[in-house]
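> need coordinates for the following:
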Amino acid sequence: MEILPIDISKATIQKINNESTRAGLVNLSVLRLDRIHPVISGNKWFKLKYYLQNAMSSHVKSLITFGGPYSNHIVATAFASQLNGLKSVGIIRGEEPGVWSPSLLDAHGMGMELYFISREEFKSPGRDRLIHSFNRSNQPFLVVPEGGSGEAGVLGASEIWNLVEKSAYSHIVAAAGTGTTLAGLLRSANAGQAVIGISVMKNNQSLQNQIETLSGSDYKANFILNQDYHFGGYAKKNAELLRFMNGFYQEQGLPTDFVYTGKLMYAVMDLINKNYFPAGSDILVIHSGGLQGNRSLPPGTLVY
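Alright, predicted model coming up:
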C-alpha cells in the first residue's frame with residue numbers, strides 16, 4: 001500500500017533582502033517548508049515519510065511515538081496516521097496536566113491515544129515498560145523515535161535537497177533539536193558546502209557527534225554546530241527573541257516559532273551582521289515549520 005502524500009510542491013523559496021544582507025554582501029534565501037501543509041508542516045513530513053511507508057508495507061496497524069505536551073512531532077504523527085488509516089499512540093513527557101495544551105487536544109482529536117509518564121521515566125525505563133505492554137497486546141505496531149529520529153527520518157530529511165538547486169548555495173543553515181534534519185542535509189550535501197546547525201538546546205555537547213553519526217561517516221560537507229543562540233534552553237525565550245520575531249515578520253512577512261525557527265533566523269541575521277559569512281555567500285535557511293508551537297504564548301504576544 002502506498003502512503004497518502006503531502007503536496008511538497010507548495011514549498012517555496014523566499015528571498016530576504018534587507019540592510020543586513022546588503023551590508024554583508026550576501027544572498028539570503030529561506031526554503032519555506034512551513035507552507036507544505038497546515039498540520040504536517042516543515043520537516044515533519046520528510047522525517048515521517050519512510051516510517052509511514054515501512055508501517056504500510058509491513059501491514060502494521062499502529063504507530064507509537066514520543067514527545068512533549070507541545071510537540072510538533074506528536075501532532076504531525078497523529079494527523080499522518082489518521083490520513084493513512086493507522087492508529088497512533090503518543091507517550092508524552094511529564095505528568096498529565098490539568099489543562100491539555102492545544103497540541104495534545106489536536107492529537108487526541110485526530111485519534112491518538114495519549115499516555116503520560118514522568119520526565120524521569122521518559123528517559124528510558126518507563127517508555128520501555130509501556131512498549132512491552134503494547135507488545136503483549138498482540139497488536140502490530142511500529143515505534144517512531146522522538147522527533148522522527150533514526151535512519152528512516154534521516155533518509156526522508158535528505159530528500160529536502162530535491163526541492164532546491166543544491167549547487168546554488170554555499171551555506172545551508174537549519175535549527176537543531178534531535179539533529180535528524182541536519183543529518184539528512186549533511187548526508188546529501190555537496191563536497192565543500194557548509195552545513196550549519198543552530199542548536200535550540202543549552203549545553204548539548206553530544207549533539208554534534210549524534211548528528212555526524214546519524215549522517216554517516218562519508219559526508220563531504222563542512223559541518224558546524226553553533227550553540228550560542230539557544231536563549232536559555234529548549235523552548236526558552238525572552239523579550240529580545242520575541243521582538244525580533246515580530247520585527248522580522250513585519251519586515252519580511254515571514255512567521256517563525258519561538259522554539260526553533262525564531263532562534264534560527266535570529267542567529268542567521270546576527271551572524272550576517274557580524275560578517276561571519278564571506279562576501280558573496282549564497283545562504284539557504286531551512287524553515288522547518290512548527291508554527292503551531294506559538295499557541296502556547298499568551299494572546300497578542302506575536303503580531304501574526
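
> quick one, phi psi at Val285?
The phi/psi pair for Val285 (degrees, to the nearest 10) reads phi -100, psi 130.

> quick check: it touching Arg32?
No. Between Val285 and Arg32 there is no contact under CB atoms under 8 Å: 9.8 Å. Every C-beta, even on glycine, is put in place using the N, C-alpha and C of the backbone.

> which of those two has more neighbours?
Val285 (27 against 21; other CB atoms under 10 Å).

> for Phe248, see how far away the more buried one is.
Going from Val285 to Phe248 by CB to CB, to the nearest Å gives 12 Å.

> which neighbours do these two share?
The contact sets of Val285 and Phe248 overlap at Met265 (CB atoms under 8 Å, 6 or more residues apart in numbering).

> so which bits of whatever helix or strand Ile211 lives in are buried?
Taking DSSP states H and E as the definition, Ile211 sits inside helix 207-215. Residues 207-208, 210-212, 214-215 are the ones in helix 207-215 that count as buried (16 or more other CB atoms under 10 Å).

> those residues into CSV, with extra columns for distance to Ser118?
Shown next, in CSV, are those (distance: CB to CB, whole Å):
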residue, distance to Ser118
Leu207, 24
Gln208, 29
Gln210, 24
Ile211, 28
Glu212, 31
Leu214, 27
Ser215, 32
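
> ok, so of those residues, who is nearest Ser149?
Closest to Ser149 out of the buried residues of helix 207-215 is Leu214 (7.4 Å), distances taken as CB to CB.

> distance of that closest one from Ile6?
To Ile6, Leu214 is 23 Å away according to CB to CB.

> over to Gly179?
Here Gly179 is placed at a distance of 23 Å from Ile6 (CB to CB).

> with neighbour numbers in mind, choose between the two.
Taking other CB under 10 Å, Gly179 and Ile6 do not tie; Gly179 has more neighbours (29 against 22).

> show me the contacts for the spatially closest residue to that one that is not a sequence neighbour.
Once flanking residues are discounted, Gly179 sits nearest to Ile211: 3.9 Å by CB to CB, 6 or more residues apart in numbering. Contact partners of Ile211, counting by CB under 8 Å, 6+ apart, are 176, 179, 182-183, 186, 197, 223, 225.

> quick one, what contacts the nearest residue to Leu104 once chain neighbours are set aside?
Leaving aside its chain neighbours, Leu104 sits nearest to Pro69 (5.6 Å; criterion: CB to CB, 6+ apart). Counting by CB under 8 Å, 6+ apart, Pro69 touches 92-94, 97, 100-101, 103-104.

> also Met201?
Contacts of Met201 by CB under 8 Å, 6+ apart are 176-177, 207, 230, 233-234.

> all strands for this protein, in order.
With DSSP state E, the ranges of strands along the chain come out as 12-16, 27-32, 62-67, 87-93, 112-117, 141-143, 171-176, 194-199, 222-226, 282-287.

> for Phe231, what are phi and psi?
The phi/psi pair for Phe231 (degrees, to the nearest 10) reads phi 50, psi 40.

> was I right to think it contacts Leu242?
No. If you go by CB under 8 Å, Phe231 and Leu242 don't touch, sitting 9.9 Å apart.

> comparing these two, which residue is more hemmed in?
The residue with more neighbours, out of Phe231 and Leu242, is Phe231; 20 against 16, by other CB under 10 Å.

> need the nearest residue in space to the more buried one, chain neighbours excluded.
Closest to Phe231 by CB to CB, 6+ apart is Leu241, at 5.3 Å.

> do Ile8 as well
Spatial nearest neighbour of Ile8, chain neighbours left out: Ile36 (5.2 Å); criterion: CB to CB, 6+ apart.

> give the contact list for the one you found.
Contact partners of Ile36, counting by CB under 8 Å, 6+ apart, are 6-8, 10-11, 42, 45, 289.

> likewise for Met110?
75, 78-79, 81-82, 88.

> spit out the contact partners of the closest residue to it other than its chain neighbours.
Closest residue to Met110 apart from its sequence neighbours, by CB to CB, 6+ apart: Ala78 at 4.0 Å. Contact partners of Ala78, counting by CB under 8 Å, 6+ apart, are 88, 90, 106-108, 110-112.

> cutoff 10 Å now
For Ala78, the contacting residues are 39-40, 63, 65, 86, 88-90, 103-104, 106-114, by CB atoms under 10 Å, 6 or more residues apart in numbering.
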